[in-house]
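J.: Let's see this in three dimensions:
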Amino acid sequence: GGSGRRRGDGAGAMIPSEDAAVRKRDIEDRLRQEQETLSFIRESLEKSDQLTKNMVSILSSFESRLMQLENSIIPVHKQTENLQRLQDNVDKTLSCLDHVISYYHVAKDTEKIIKEGPAGRLEEYLSCMAKIQKAVEYFQDNNPDSPELNRVKFLFEKGKESLESEFRNLLTRNSKPVPSVVILDLIAGDDDIETTDEMTLEHLPENILQDLICISGWLVEYGRNLDFMNVYYQIRSNQLDRSIRGLKEHFRKNSSSSGILYSPAMQNKRKDTPSKKAIKRPVFIPGHDHELRVKHLSEPLSDKHGPPAGKEDIMDSEIDSYIHCISAFVKLVQSEYLLLTDIIPEHHQKRTFDSLIQEALDSLMVEGENIVSTARRAIMRHDYSAVLTIFPILKHLKLMKQEFDQVLQGTAASTKNKLPVLITSMETTGAKALEEFADSIKNDPDKEYNMPKDGTVHELTSNAILFLQQLLDFQETASAMLASQEIGTSSSSYNSEFNRRLLSNYICKILGNLQLNLHSKAKVYEDAALGAVFLLNNFNYILKSLEKSELIQLVAVSQKHPDKAYRSHIEEQLLTYQRSWLKVTSPLTEGNLPAFQPGTKLKDKERQAIKDRFKAFNDGLEELCKIQKSWAIPDKEQRDTIRRAQKENVTVAYRVFWQRYSNVPFTKNVEKYMKYKVEQVEEMIEKLFDTSA
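T.: Got it, this is the predicted structure:
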């Protein structure tokens, strides 16, 4: 204020006084305005404080009311919660009552369906059984004295019986034997490289199979009864047996015809039957028609196995049938096991399968033993060819053994052992027959009535060779037989070379025995020349037979150059035979005849000597041609060779003799002594060994 005044005083001199007054008024006006503003702000603040106090008061009142409301609501809420709990308990109690009451209605609700049975509505039936099962459990646990328990128990047992009955009926109605044609296609499919799709058997329709699986599962889980498994194996076992018997019948019907035993579907694709080659037995038996035998022997080995014997066809068919039945058994049993695994619980499968296959397996084993017994009886009658029935069967059984073992895996030891027992039986019988056959060749009696009068091949030779040729089809089987006896155990641990040598030794033994016996038989002939022809024929037949088959290679395993040995024997017999013609040629070639000059008169003694020579030649020639015309040399090549050699030996000497004395007047009756021209002699010799000439 002081400074203002000083500034005012200082300025008073310069500024007029009225300006100061104006300025003062102006400042006072501003001051007044500021005071009014300040007063307004104070009033506003007081109002604001008042409003705040009012709001706090309202909020406090509101909070107080809220607390009062809360104190009123909580008891109501708790009361409502208790009421809800009570409501839930009432609902649960009602539900339990309904559930319990429903058990009392089960018998009534399900009785009709249970009595009518499960046929055609298995799912519904099993649903009813589940209700009954639960009712039984409820009454047993909660009210065991209730009459309702007995009622539902009765229904449960009746339902279970109906399910067992339905299982039996479904299986019986739908189980059919597998047709023979289908079985043969199934077997053929194994050998056929063109068959790419795996052939499977559908024993039961799919819907039936599913029903059986359902019933089986229920009976195991709830029925606590395994009787249905016995029913299953009995029915399926019967069908398996019928399928195999049907196949046998199929073969029996077809055995008389040469028709194809396979179905048309596989006819064009398939290869040989499992037996591969038909068995043909030796057909030449004592007393058999001689002409037929000579006809056969005159064409040695045009057919490796000789002509088929009609009476053996039935036996061949039986062998073929048995071999097919073995293959069929394996195939059918494999498919039976697959079916069984669907229906029977796992831990019962092996026992049920074992029972299922017994009837069919036993039937096959008995049939096999019968074949062995038949062969044994035939061998006891010295019909060793009967052993040939065993070879194809044994060969097939050994081929099938691995599959057999796989199929029978898990069955009882007694079941697994049946095939090995049969194989051993066949091997033992076969080996015994082979040994006895070798002895029979050695000891065949030298009876005159049993000898061919014409010196042709002896039936012992043709039978022995035919037997050996047929062994060729079963080399492994035969050698294994011999090995099993040689070492007393199965030959599987020995190599094939060892077995091949055994078979070679056996064949050499047969041939050696045959050779000794033939030499012995040849002595029965009074005429040594006929004996020589007999040996020549037999040795030639043996040699040609060996050469036209694999026998020569087998013999060569243990004997070097067998062909040379036989050719040497043949040459030896040929020389013996040719010596019989010395009675014809020696009169022509002997010395002691004087040299005659043309025109010289002969003495009586000289004329007689020439006559004697001509007569000896003529008589000898006629006698030998007459005798030897009926002798037989079945091999045309051999026959022609011998005739040619004889013509040369005789005619060379006769031509020289004829030319020497044709111009010598030793007789008036020339035709009596110079009876035959050289050409006529040749013609006579050409008719040797020919009864039709």
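J.: Which strands or helices does the helix or strand where residue 366 lies pack on?
T.: Taking DSSP states H and E as the definition, residue 366 sits inside helix 346-380. Here helix 346-380 touches helix 227-254, helix 313-343, helix 390-407, helix 413-416, helix 418-443, going by 3 or more CB pairs under 8 Å, 6 or more residues apart in numbering; DSSP states H and E. Bear in mind the C-beta positions are built from the backbone N, C-alpha and C, glycine included.
J.: Columns mean pLDDT and distance to residue 637 on top of these, output as JSON lines?
T.: Converted to JSON lines, these look like this (pLDDT from 0 to 100; distance: least, CB to CB, whole Å):
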{"stretch": "helix 227-254", "mean pLDDT": "93", "distance to residue 637": "42"}
{"stretch": "helix 313-343", "mean pLDDT": "90", "distance to residue 637": "33"}
{"stretch": "helix 390-407", "mean pLDDT": "93", "distance to residue 637": "33"}
{"stretch": "helix 413-416", "mean pLDDT": "94", "distance to residue 637": "57"}
{"stretch": "helix 418-443", "mean pLDDT": "93", "distance to residue 637": "27"}
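J.: Kindly reformat those as CSV containing mean neighbour count and distance to residue 55.
T.: Formatted as CSV, these follow (neighbours: other CB atoms under 10 Å; distance: least, CB to CB, whole Å):
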stretch, mean neighbour count, distance to residue 55
helix 227-254, 18, 91
helix 313-343, 20, 87
helix 390-407, 19, 100
helix 413-416, 12, 105
helix 418-443, 18, 111
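J.: Off-centre distance for the helix or strand hosting residue 680?
T.: Residue 680 is located in helix 678-686, with elements delineated by DSSP H and E. Put simply, helix 678-686 sits 64 Å off its chain's centre (CA atoms, centre = their mean, to the nearest Å).
J.: mind saving the C-alpha coords of it as PDB?
T.: Coordinates of the C-alpha atoms in helix 678-686 are reproduced here as PDB (Å, rounded to 0.1, in the frame of the first residue of the first chain):
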ATOM      1  CA  VAL A 678      20.400-172.900-100.500                       C
ATOM      2  CA  GLU A 679      17.400-170.600-100.800                       C
ATOM      3  CA  GLN A 680      15.100-173.200 -99.300                       C
ATOM      4  CA  VAL A 681      17.400-173.600 -96.400                       C
ATOM      5  CA  GLU A 682      17.300-169.900 -95.800                       C
ATOM      6  CA  GLU A 683      13.500-169.900 -95.900                       C
ATOM      7  CA  MET A 684      13.400-172.800 -93.400                       C
ATOM      8  CA  ILE A 685      15.800-170.900 -91.000                       C
ATOM      9  CA  GLU A 686      13.700-167.800 -91.400                       C
END
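J.: Identify each buried residue in that helix, please.
T.: 678, 681, 682, 684, 685, 686 (16 or more other CB atoms under 10 Å).
J.: Show residues contacting it.
T.: 621, 625, 643, 646, 647, 650, 651, 654, 655, 658, 676, 693 (CB atoms under 8 Å, 6 or more residues apart in numbering).
J.: same question, stretch 421-435
T.: Under the contact criterion CB under 8 Å, 6+ apart, stretch 421-435 has outside partners 365, 368-369, 372, 375-376, 379, 384, 386-387, 390-391, 393-394, 397-398, 401, 477-478, 480-482, 484-485, 506.
J.: Show the buried residues in those.
T.: Applying 16+ other CB under 10 Å to those flags 368, 372, 375-376, 379, 384, 386-387, 390-391, 393-394, 397-398, 477-478, 480-482, 484-485, 506 as buried.
J.: ok, back up a step: looking at the buried residues of helix 678-686, which one is closest to residue 578?
T.: Within those, proximity to residue 578 (CB to CB) peaks at residue 685, which comes in at 12.2 Å.
J.: Spatially nearest residue to the residue most central in space within the chain (excluding sequence neighbours)?
T.: What sits nearest the mean C-alpha location of the chain, by CA atoms, centre = their mean, is residue 327, with 4.4 Å. Distances taken as CB to CB, 6 or more residues apart in numbering place residue 187 nearest to residue 327, at 4.6 Å, with adjacent residues excluded.
J.: and whatever helix or strand that neighbour lives in, what's its mean pLDDT?
T.: Assigned by DSSP H and E, residue 187 belongs to helix 180-191. On average, the pLDDT along helix 180-191 is 84.
J.: do the same with stretch 480-495
T.: 67.
J.: Ends of that stretch, what's the gap?
T.: Taking CA to CA, to the nearest Å, stretch 480-495 runs 10 Å from one end to the other.
J.: Run through the neighbouring helices and strands of whichever strand or helix holds residue 22.
T.: In this structure, residue 22 sits in helix 17-116 according to DSSP H and E. The contact analysis (3+ CB pairs under 8 Å, 6+ apart) places helix 17-116 against helix 2-12, helix 122-142, helix 147-174.
J.: any chance of the ones you listed in CSV, plus mean neighbour count and distance to residue 339?
T.: Output for these, formatted as CSV (neighbours: other CB under 10 Å; distance: least, CB to CB, whole Å):
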stretch, mean neighbour count, distance to residue 339
helix 2-12, 10, 131
helix 122-142, 17, 19
helix 147-174, 18, 11
